[in-house]
Structure formats: C-alpha cells, structure tokens
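*Asks:* Dropping a prediction and its sequence here:
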Amino acid sequence: MSSNRSLLSIVVLAFFALLSQAQSTKDVAIDDTDKAWLYFPESSWGAISDKNPCTACNTQPDPEKVHDKTWHDLSKGGSAQLSFVGSGYASLSQV
C-alpha cells in the first residue's frame, strides 16, 4: 500500500511541476531595431521612423500603429534573420 502512495505522490508532484513550468512561459517582443536581428545585405534594409522617413520606400504604414513607431523596408531584395531559444514565435505585421 505504501508503494502505491509513493507512486501516486511522485505522479502528483510531476504533474504540478509540469503545470508550473507550463504557466511560467512568457511572450517576448523583439522590435525590428533590436540588435538580435541580422539584415542581409544590410544596405538593402532601411530602418524607417518619424525621424528617418523614406518617401520612396515600398512600405508606408501609419507610424502610430507600429511598435516603437519604427519599421524596416526592403525595396531591393534581401533577408532578415533572428535566432532565439523557445518553443514558438508570432510575427506581427502592419502591412
């Protein structure tokens, strides 16, 4: 009987450990101007803001509706890379 209680105790503790671990996840926003982003080639990407406007750029969102009032425009072709450790991601776009 005591071995059944011990097993039950272990299962219950494991359940609560997993539950607390699942509840401790958090969302992190990484802005387009964060140094974690790598833009290739760097010269093809422009960081656009109220202080650094680009009237010829393809993307012209409302600055009041984008995070930190900044965005990147890619008019010439290229790519962006962000490395992270986690279990998922979500991309937010104004366009």
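*Replies:* Alright, I've got the coordinates.
*Asks:* Could you identify the helix or strand that succeeds the least confident helix or strand in the chain by mean pLDDT?
*Replies:* Least confident helix or strand of the chain, by mean pLDDT, DSSP states H and E, is helix 2-23 with a mean of 58. Scanning forward in sequence from helix 2-23 by DSSP states H and E, the next helix or strand is strand 37-40.
*Asks:* Please name every helix or strand in contact with that following strand.
*Replies:* Counting contacts by 3 or more CB pairs under 8 Å, 6 or more residues apart in numbering; DSSP states H and E, strand 37-40 is packed against strand 79-82. Where you see a C-beta, it was placed from the backbone N, CA and C, and this is true even at glycine.
*Asks:* next one: the strand it packs on to chain centre, how far?
*Replies:* In this view, strand 79-82 has its centroid 12 Å away from the chain centroid, taken as CA atoms, centre = their mean, to the nearest Å.
*Asks:* got the CA positions of it in CSV?
*Replies:* Output in CSV follows, covering the C-alpha atoms of strand 79-82 (Å, rounded to 0.1, in the frame of the first residue of the first chain):
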residue,chain,number,x,y,z
SER,A,79,16.6,38.6,-46.0
ALA,A,80,16.4,39.0,-42.2
GLN,A,81,17.4,36.5,-39.5
LEU,A,82,16.5,36.3,-35.8
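*Asks:* Quick check: buried residues in it?
*Replies:* Residues of strand 79-82 include none that count as buried (16 or more other CB atoms under 10 Å).
*Asks:* Run me through the strand neighbours of it, direction for each.
*Replies:* Strand 79-82 pairs in its sheet with strand 37-40 (antiparallel), by DSSP bridges.
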